[in-house]
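Asker: Only the shape, not the letters, is given here:
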């Protein structure tokens, strides 16, 4: 079955050109120019991936992301204004899986889409506890891409799961922002990218980790982040 993408973009010409390019690469693309309509379409159609522009009529991309994130389990890739760090961080804090600055080259967009789609569950018949990690009352499974704490499932976006798995699989070791970005996005840390910090903040909230004095995902000053082997009871 072809991958289904909802492209939420109000620039008609840009949307058509983007959809045409992606369609030539075996992706099924539907276009929606309005943010308010996109919200209902995302929740009823459940596309595999949403490309979500920020500036939209009806509702902006941030409002749409906030409204659908708790119910939509697919990937959200936000299109942000170039060099607008605030847009990028806000999008990630609202639950976007990744962002890309406009204007974007079609081949770059395609590469980013393919990278994000590779992280999605395949729908196969993997069972059991293969590739699972357990720390006290915390459990995370790569096979099923699920995590739980004290028996309660943790609601994670695709990007949040990937980051949490990476940290947990290196428990007790410090991973720098460069390490994390290289592994997750294939790019190095430029000293300005705040995407990892934003996701760490969201993960701490979901893991009931004190943001003022975190003990489960620790910040090691000037070095990076450390997933603790302890403090999970």
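Answerer: Great, that's in hand. Just so it is clear, the model here is predicted, and its values are computed rather than measured.

Asker: Spatially central residue for this structure, please.
Answerer: Residue closest to the mean C-alpha point of the chain, counted by C-alpha atoms, centre = their mean, is residue 97 at 1.8 Å.

Asker: For that residue, give me the pLDDT.
Answerer: Looking at residue 97, its pLDDT is 85.

Asker: Quick one: neighbours of the residue nearest to it when sequence neighbours are not counted, just the number.
Answerer: Distances taken as C-beta to C-beta, 6 or more residues apart in numbering place residue 159 nearest to residue 97, at 4.0 Å, with adjacent residues excluded. Where you see a C-beta, it was placed from the backbone N, CA and C, and this is true even at glycine. Neighbour count for residue 159, taken as other C-beta atoms under 10 Å: 24.

Asker: what about the helices in the chain?
Answerer: Using DSSP state H, the helices assigned to the chain run over residues 12-23, 35-45, 61-68, 85-93, 106-117, 158-169, 177-185, 195-206.

Asker: before we move on, back to that, so the residue nearest to residue 97 is in contact with residue 181, correct?
Answerer: No: the pair residue 159 / residue 181 is not scored as a contact, 11.8 Å apart, by C-beta atoms under 8 Å.

Asker: before we move on, back to that, dump the residue contacts of the residue nearest to residue 97.
Answerer: Contacts for residue 159 (C-beta atoms under 8 Å, 6 or more residues apart in numbering) come out as 92, 96-98, 119, 184, 199.

Asker: which intervals of this protein have sub-threshold pLDDT?
Answerer: The chain contains residues with pLDDT under 70 at 1, 82-87, 120-130, 187-193.

Asker: how does it divide up, domain by domain?
Answerer: 3-117, 132-227 (automatic domain parsing).

Asker: Distance to residue 233 for those - can I get that in TSV?
Answerer: Formatted as TSV, the domains of the chain follow (distance: least, C-beta to C-beta, whole Å):
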stretch	distance to residue 233
domain 3-117	28
domain 132-227	4
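
Asker: Out of the contacts of residue 159, which is nearest to residue 39?
Answerer: residue 96 (14.4 Å; C-beta to C-beta).

Asker: my guess is that closest one contacts residue 80, does it?
Answerer: No: contact between residue 96 and residue 80 fails when scored by C-beta under 8 Å: they sit 9.2 Å apart.

Asker: Bridged to residue 8, which residues?
Answerer: Assessed by DSSP bridges, residue 8 has beta-bridge partners residue 32, residue 52.

Asker: gap between it and residue 109?
Answerer: 14 Å (C-beta to C-beta, to the nearest Å).

Asker: joint contacts of those two?
Answerer: Common neighbours of residue 8 and residue 109 (C-beta under 8 Å, 6+ apart) are residue 51.
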